[in-house]
Each structure stands twice: as structure tokens, then as C-alpha cells.
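Participant: turn this into a structure:
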Amino acid sequence: MTTAETPILELRDLHVSVAQPPNTSIVKGVSLQIRPGEIHALMGPNGSGKSTLASTVAGSPAYVVDSGEIWFKGENVTALGADERARRGMFLSFQYPTPIPGVTMVNMLRMALKARRGEEVPAREFLTELRSTLKTLKMDEEFARRYVNDGFSGGEKKRAEILQLGMLRPDLAILDETDSGLDVDALRTVAEGVNALRTPELGILIITHYQRILNYIAPDFVHVLVQGRIVRSGDAELARRIENEGYDPILREVGVLEGAAS
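Facilitator: Residues are numbered from 1 along each chain as shown. Okay, here's the model as predicted:
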């Protein structure tokens, strides 16, 4: 049973490796709790395991949980597939969204909403919800008539992901490097969309390499992932430190680089 005190997401000493040989270990003992209404940012150098962690939480078959558990709204979902996790209210915004020529955003959204709710959504109700969400996100209705990510710019692909987030209304949103490849204007537009959809019930995990998206989406907690482990946690000040100093000082402190602090 979910209560106000129940974490939306709880990772318990999670260890993850690649499903295919040589079955490389990537995530090495991550524990994390995200409660309703909280925004957590997971930062770290390239290759630290951030996207692997995001994909594993969402149920990607490309990775294997060697040990540890994934709890979602008070339920152990470690053994569940990606589709079951999505139906329960998980959402993953991909770093590189895939084009689907011939399938309109409208049709894709309606099918996704049917899968999420377990029943067909009447056309009039669906269109009312779609128009309301487009208005909230300050997006033109014509955008929803285009083929999914087909010929989209980088910013449009990320806006399409935010539109999906708005329509599906998940309990947990994992944004995997949503800022990747965006210019300042596109980044601001996407961030405004996320902020417009924020509710006291929604937990958000932002995966990012840089601090810049956190200028627009204020995190409650910031975690630094290095070589598959969370080595630092703090508030937004930790992200600002990384912006000003880079990752090297933290890597030295935890003994990853030479000149480590004693």
C-alpha cells in the first residue's frame, strides 16, 4: 500500500551488469530513495553508469540485476518487465528518441494511454486531454499530427518526450540526459515543460552530465555517480560546485584520480 511516506522509487544496494558477454559489471551497489514531489539529479562523468542505471530501473532487458532490489510504490518490481513497470507508472525519457515513420504522435499517444490505463480512452475524452496538455506545454496542435520523431530536430524530439510525459501522467519520470544536444532556447523550453507538469505526487530523476538543466529545474537532491557508485549526495550547491570546478576534485577526494585526499 502506498502512503505519503512510501518512496516512489527505492533502490536497495543495486548491482547491475550488461546482459551480453562479457557481462561487464557497471552499477556497483547503488541505494537511493525518491519520494513523491521530489526532484533528484544524478550526475557523473561519462561512462559512470548513469544511463545504465536509468535503463535498468525502467526494465531494459539489455541489463541484468546481479543483486539488490528495485522497489516502486512499495512493490518489489525487480523481476517485472519494462511494459509492466510502465503500466504501473514509470516513465523513461530517452537520451536518443527513435523515429517512427508512418505513426503519428496522436496515434502513438492514444495507444500508450490505452496500455497505461488498461482500457480504450474514448476519442472525445482523449482529444480533450491532448489539447489541454498541448496548451499547458504551449505547443501547437499540428505538432501532435506529425510522425513520431520523424524529421524532428533535437529540441522537437525532447519536446515530444515531454508531451508523452504530460499525457501518461506517471508517478515516476526518469529523464535520461534530456539536455543532450540542446541549445539554450530548446533547453529552456523543455525545462519549462517539465516544470509545468510537476505535481506533489510526481517523483523525478534527472540524469545529466552537466549542471545547466538544473538552472531551470531546481533539484531537491543531487547525487554524483562515479564508476557505478554514488560517491557524493547533497543539494543544488553540489551541482554548482561541479559546474565551477568540474568532476576532478570529487574524483580526487574519492581516490579515483591521483592526488586523492587522505
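Participant: what does the helix or strand harbouring residue 155 rub up against?
Facilitator: Per DSSP states H and E, residue 155 falls inside helix 154-168. By Cβ atoms under 8 Å, 6 or more residues apart in numbering, the residues outside helix 154-168 that reach it are 91, 93-94, 97, 105, 109, 112-113, 116, 129-130, 133-134, 136-137, 139, 143-144, 148-149, 152, 173, 178, 180-183, 185-186, 189-190, 193-194, 196-197. Yep, even glycine has a C-beta here, placed from its N, CA and C like the rest.
Participant: mind checking which of the residues you listed are buried?
Facilitator: 91, 93-94, 97, 105, 109, 113, 116, 129-130, 133-134, 137, 139, 143-144, 148-149, 152, 173, 178, 180, 182, 186, 189-190, 193-194, 197 (16 or more other Cβ atoms under 10 Å).
Participant: please report how far residue 193 lies from residue 200.
Facilitator: 18 Å (Cβ to Cβ, to the nearest Å).
Participant: surely residue 101 touches residue 150?
Facilitator: Yes. Using Cβ atoms under 8 Å, residue 101 makes contact with residue 150 at a distance of 4.7 Å.
Participant: the more surrounded of these two?
Facilitator: residue 150 (14 against 9; other Cβ atoms under 10 Å).
Participant: skip the chain neighbours and tell me the closest residue to residue 54.
Facilitator: Counting by Cβ to Cβ, 6 or more residues apart in numbering, residue 54 lies nearest to residue 176, which is 4.5 Å off, once chain neighbours are set aside.
Participant: could you list everything the one you found pairs with in the sheet?
Facilitator: residue 207 (DSSP bridges).
Participant: low-confidence ranges in the stretch 151-262 of the chain?
Facilitator: Scanning the stretch 151-262 of the chain for pLDDT under 70 picks out the ranges 258-262.
Participant: go with 50
Facilitator: 259-262 (pLDDT under 50).
Participant: mind listing the helices for it?
Facilitator: In the stretch 151-262 of the chain, the helices defined using DSSP state H, counting those that start in this stretch lie at 154-168, 184-197, 236-245, 248-253.
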